[in-house]
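Novice: Give me a model of this one.
(one chain, ligands or ions: 1)
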Amino acid sequence: MLYGIISDIHSNLEGLNAVLAEMEREGVESVFCCGDIIGYGADPEGCLELILERGIRSIRGNHERGLEDLEAGTLPRMNDLALEALRYSAARLSRDQRELLISLPDRMEAEGDFLIFHGSPAHPDMYVFDEFEARYSFKSLRRDYGGPASRLCFIGHTHVCAVFLLEENEEQMAGGAVMKEGRLDLPEGMAVMANAGSCGQYRGGVPSASFCLYDSESRALSFRFVDYDVAAAQEKILKAGLPAELAERLAEGW
Ligand SMILES: [Fe+2]
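Specialist: Okay, the predicted model is just below:
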């Protein structure tokens, strides 16, 4: 089975469309999303509708959990920029759409083959940027999950592609940010944690949308970057009255 894994769409319909078109060209059969469908961008409802239309299975990220806080009348723990965009998302979404997003699970097991999280498997708000954070996350995975699915997991939240590998005996650890496209044949006897980056607000210094491909038969993982219509996404953000910084950062890739 050829899987596509996406994350952090953040209401960027142009980014999501470009990624889905590329996945279609690649022959992807099943797509999973590591959360944060909404927030930051101008098209929360358009992105959610497309996710549902394509049968993409998603967990929720901190922005969907922030939506739950807003609905409950409490202040989500996020910066002012994120909060303003989240309020915009909440106003654009119908009650049914908000309820659906809030009801998404926090983690998911995909056909017994791999696991999906938003941030670290240790905590959905925790970023996994370096080897120490990855090691801590692998420990948590091993503690909470048995079975082969815990050997491969996909995460998001940092908006930067990355891959970490840990030996069975937990001695050797390797990995870090992924800066260019590439394929990795998953080595036997190693646990792997891959970050799919972001289809809507990439932060690795390139104005692209990223995703992962995982071929469960050949056990191969690929990182992909695609161009999308950044100018159109920026224009919508400005037209919606969202802060200009949210538009500017798309072009900078931060
Ligand atoms: Fe995010």
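
Novice: what does the stretch 1-150 of the chain have sitting close to the ion?
Specialist: With the criterion set to CB under 5 Å from the ion, the stretch 1-150 of the chain comes near the ion through 8, 36. Yep, even glycine has a C-beta here, placed from its N, CA and C like the rest.

Novice: ranges for the helices of the stretch 1-150 of the chain?
Specialist: Taking DSSP state H, counting those that start in this stretch as the criterion, the stretch 1-150 of the chain carries its helices at 13-26, 44-53, 62-72, 80-92, 95-102, 131-144.

Novice: Kindly calculate the angle that the second one makes with helix 80-92.
Specialist: Orientation check (axes from the mean of the first three to the mean of the last three CA atoms, to 10 degrees): helix 44-53 against helix 80-92 gives 70 degrees.

Novice: Now helix 44-53: buried residues?
Specialist: The neighbour-count criterion (16 or more other CB atoms under 10 Å) identifies 44, 46, 47, 48, 50, 51 as the buried residues of helix 44-53.

Novice: From those, pick the one nearest residue 201.
Specialist: Sorting the buried residues of helix 44-53 by how near they are to residue 201, with CB to CB, puts residue 47 at the top with 12.1 Å.

Novice: pretty sure the closest one is touching residue 37, no?
Specialist: Yes. Contact criterion CB atoms under 8 Å: residue 47 and residue 37 qualify, at 5.5 Å.

Novice: What are the contacting residues of the helix or strand containing residue 211?
Specialist: Remark: residue 211 resides in strand 209-215, with elements defined by DSSP states H and E. Applying CB atoms under 8 Å, 6 or more residues apart in numbering, the external contacts of strand 209-215 come out as 1-6, 12, 15-16, 18-19, 22-23, 26, 28, 114, 152, 154, 161, 194, 196-200, 202, 204, 220-228.

Novice: Brilliant, that's me finished.
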